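Asks: How does the following fold in three dimensions:
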Amino acid sequence: MIWTWDIIRRIIEVLWLINIGFAVWTVFRSRRDIASTWAWLLVLTVFPYVGFIIYLFLGRQLSHDEIFAIQTEQQKTREQFLSKQHELLKKHDLLPSEDRKPRARMLTELNLTNNDSILTFNNDVELFIDGPKLFDNIIENINQAKKLVDVEFYTFYDDELGNRVLKALEDAAKRGVKVRVIYDASGSHGTKPAFFDKLRELGGQAQPFISTSKKYWFTTPRLNYHLHRKLVIIDHEIGYIGGFNIGDQYVDKSKKFGHWRDTHMRVVGQAPIMMEVRFAMDWNTSSRKSHLPEYEVDWLKDFKLKPATNESQVAMQIVSSGPDSQEFAIRRGYEGIIAGARKYVYIQTPYLIPEPPVLEALVIAAKSGVDVRIMVPDMADHAFVYRATEYYAKYLTANGVKVYKYDNGFIHAKTIVSGSNISSVGSANQDFRSYSLNFEVNAFNYSPELTAKLKAIFEEDLKKSTLMTNEYFDKQSKWRKFKQYFSRLLSPIL
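Replies: Next up, the predicted model:
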């Protein structure tokens, strides 16, 4: 057979058609939103063959045998609380008197129905926007622990701060405290399993989250699904939740980012128990592959909801979301806050790549006279992500939303505050990844006092920020605008 250019061209055309056919079959066989579907079709068709390798490790969805588990008895206990709270909501008798307003009631009902998020009371909250102070407090609390320390982070680096935290965990394990650590292997790049060897020798336990475990990279090639939660639970009664990770850059020791501006909460009360239930499900999911003991929350049956004893205490729901669920709980919670806003919505996020429902909710709010303000970084930590952020910032600015660049370092906070008593603090950004791909957890709060504090923090940050205007975007180069438009095409899978 003589290989002519005509034959070679025909073979390439046939292979290209086969590639397109496989691309369509591969993407449409899984349930996805339209934007993600088209983004993956773009990758698979523009990058034939190589695109399938990318999809193998980044695009495949989780199967049913990898979603979270909680023991039957624990689930029955949760269902009892859920049933009781649904009854109380019908009687308008759930939130403290100062918080018992239509918006708060609607949001609690949404989170309760959509995510089984039990509303807790008697929560004393301390806010941290400074990394060194936060981790000094966490380490001090670990050093005082008597029963249990659970730690769950996207990033746990083997650096100065990471070793300080690890030393406190090792000392706790040496005292007989039950210590467990879950970390994301991809987010903790450079941290080897041996980093936790001494902790294990002292009786503690540490394991990577199953979707990013390097040990199972071939049998579980789903590197796109990151454990992005940031939780610390101590002795069933102290909980930390927010945006900080464990690493030197988070305590202002990075030349690239400088000051790291983030938000975290220390919660003492009932909400840490719900954080612990979240940790238990994450632990049990990962331990199925590592053969470590499952986490038994046997004391949950003795948990009783107590009404708030004073107005300074915070009513709080711990809401989680991830690719294991199609309820998009945190995203819908964000939508609920924005859609219900009457006067203002203030948002801080390092990545602004909202899905269409959130994007349009922001525009509708702004065009309805609501003061919508969003704060993003003035520098990139991921090139494509930042250009996509600029694209959406430009769109929102053109539609009446005020978007600010934070000029005093890198803002990594994931907060939203609105009205007199509604706020959210946690790990979820305003982007496709946090809405659908990452495993996230947020605290939705109902408290006039906490809302006022978060609003004041935002307004203080405004003094160190620059408003992005239509003129600002018009002056950008054509090349920069092209990068923004191109990055936007890939935004559903960034």
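Asks: tell me which element residue 330 is part of?
Replies: Assessed by DSSP states H and E, residue 330 sits inside helix 329-340.
Asks: What are the contacting residues of the following helix or strand past that helix?
Replies: Note on helix 329-340: by DSSP H and E, the next helix or strand toward the C-terminus is strand 344-348. Under the criterion Cβ atoms under 8 Å, 6 or more residues apart in numbering, residues 263, 337-338, 362, 365, 370-375, 411, 413-419, 430, 454-455, 458, 461 lie in contact with strand 344-348. C-beta: built from backbone N, CA, C; applies to glycine.
Asks: For strand 344-348, which residues meet the burial criterion?
Replies: By 16 or more other Cβ atoms under 10 Å, the buried positions in strand 344-348 come out as 345-348.
Asks: what's near enough to touch the residue nearest to residue 174 when sequence neighbours are not counted?
Replies: Spatial nearest neighbour of residue 174, excluding adjacent residues (Cβ to Cβ, 6 or more residues apart in numbering): residue 202 at 5.1 Å. Contacts for residue 202 (Cβ under 8 Å, 6+ apart) come out as 170, 173-174.
Asks: Which helix or strand in this protein has the lowest average pLDDT?
Replies: helix 50-58 (a mean of 50; mean pLDDT, DSSP states H and E).
Asks: tell me the contacts of the residue nearest to residue 335 when sequence neighbours are not counted?
Replies: Once flanking residues are discounted, residue 335 sits nearest to residue 361: 5.3 Å by Cβ to Cβ, 6+ apart. The contact partners of residue 361, by Cβ under 8 Å, 6+ apart, come to 335, 338-339.
Asks: one more time with 10 Å, if that's ok
Replies: Each residue near residue 361 by Cβ atoms under 10 Å, 6 or more residues apart in numbering is listed here: 334-341, 345, 354, 372.
Asks: do the same with residue 189
Replies: Applying Cβ under 10 Å, 6+ apart, the residues near residue 189 are 155, 157.
Asks: secondary structure class for it?
Replies: Secondary structure, DSSP: H, G, I helix; E, B strand; the rest coil: residue 189 is coil.
Asks: ok, and for the longest strand anywhere in the chain, which residues are buried?
Replies: Counting residues, the longest strand found in the chain (DSSP state E) is strand 119-128. Using 16+ other Cβ under 10 Å as the test for burial, strand 119-128 gives 119-123, 125, 127-128.
Asks: Same question for stretch 196-204.
Replies: By neighbour count on 16+ other Cβ under 10 Å, the buried set for stretch 196-204 is 196, 199-200, 202, 204.
Asks: Just the ones in helices from those, please.
Replies: Using DSSP state H, the members of the buried residues of stretch 196-204 that fall in helices are 199-200.
Asks: would you turn the buried residues of stretch 196-204 into CSV with distance to residue 227?
Replies: Listed next are those as CSV, based on distance: Cβ to Cβ, whole Å:
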residue, distance to residue 227
196, 16
199, 18
200, 20
202, 24
204, 19
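Asks: and of the buried residues of stretch 196-204, the nearest to residue 391?
Replies: residue 196 (40.5 Å; Cβ to Cβ).
Asks: do you know how far that closest one is from residue 383?
Replies: Using Cβ to Cβ, to the nearest Å, one obtains 32 Å as the distance from residue 196 to residue 383.
Asks: likewise residue 207?
Replies: Counting by Cβ to Cβ, the gap from residue 207 to residue 383 is 32 Å.
Asks: Tell me which two in the buried residues of stretch 196-204 are the farthest apart.
Replies: Among the buried residues of stretch 196-204, the pair separated by the greatest distance (Cβ to Cβ) is 196 and 202, at 10.3 Å.
Asks: between these two, what contacts are shared?
Replies: 169-170.
Asks: now stretch 327-347, how far from the centre of its chain.
Replies: 15 Å (Cα atoms, centre = their mean, to the nearest Å).
Asks: distance between the ends of it?
Replies: Using Cα to Cα, to the nearest Å, the end-to-end distance of stretch 327-347 comes out at 22 Å.
Asks: which of the residues in it are buried?
Replies: Of all the residues in stretch 327-347, those buried under the rule 16+ other Cβ under 10 Å are 328-341, 345-347.
Asks: how about the CA coordinates for the longest strand of the chain, as CSV?
Replies: Only the C-alpha atoms of strand 119-128 are listed here, as CSV (Å, rounded to 0.1, in the frame of the first residue of the first chain):
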residue,chain,number,x,y,z
LEU,A,119,-29.5,25.0,63.5
THR,A,120,-27.4,25.3,66.7
PHE,A,121,-27.5,27.9,69.4
ASN,A,122,-25.4,29.0,72.4
ASN,A,123,-22.4,29.7,70.1
ASP,A,124,-19.8,32.3,71.3
VAL,A,125,-17.8,33.5,68.3
GLU,A,126,-14.4,35.2,68.0
LEU,A,127,-13.3,36.5,64.6
PHE,A,128,-9.7,36.3,63.4
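Asks: Now do the next helix or strand after that strand, average pLDDT.
Replies: Later in the chain than strand 119-128, the nearest helix or strand by DSSP H and E is helix 131-144. Taken as a whole, helix 131-144 has an average pLDDT of 98.
Asks: Across the sheet, point out what pairs with the spatially closest residue to residue 169 that is not a sequence neighbour.
Replies: Nearest non-adjacent residue to residue 169, counting by Cβ to Cβ, 6+ apart: residue 179, 5.2 Å away. Judged by DSSP bridges, the bridge partners of residue 179 are residue 149.
Asks: Can you give me the distance of residue 179 to residue 276?
Replies: For residue 179 relative to residue 276 (Cβ to Cβ), the value is 14 Å.
Asks: How about residue 227?
Replies: Applying Cβ to Cβ to residue 227 and residue 276 gives a distance of 16 Å.
Asks: neighbour count winner among these two?
Replies: Taking neighbours as other Cβ atoms under 10 Å, residue 227 and residue 276 compare with residue 227 leading, 29 against 24.
Asks: so that one bridges to which residues?
Replies: residue 439.
Asks: check contacts around it.
Replies: Residue 227 is in contact with 152-154, 182-188, 208-212, 282, 285-286, 322, 427, 438-441, counting by Cβ under 10 Å, 6+ apart.
Asks: Look at it and report its pLDDT.
Replies: pLDDT recorded at residue 227 is 92.
Asks: Residue 484 sits in which helix or strand?
Replies: Counting by DSSP H and E, residue 484 is part of helix 478-489.
Asks: what comes up buried for that helix?
Replies: Neighbour-count burial for helix 478-489, counted by 16+ other Cβ under 10 Å, picks out 481, 483-484, 487-488.
Asks: okay, and for this structure, where does confidence drop off?
Replies: For the chain, the stretches with pLDDT under 70 are 1-82, 84-101, 211-224, 288-309, 492-494.
Asks: mind running it again at 80?
Replies: Counting by pLDDT under 80, the chain has low-confidence residues at 1-102, 210-225, 284-312, 324-326, 380-384, 489-494.
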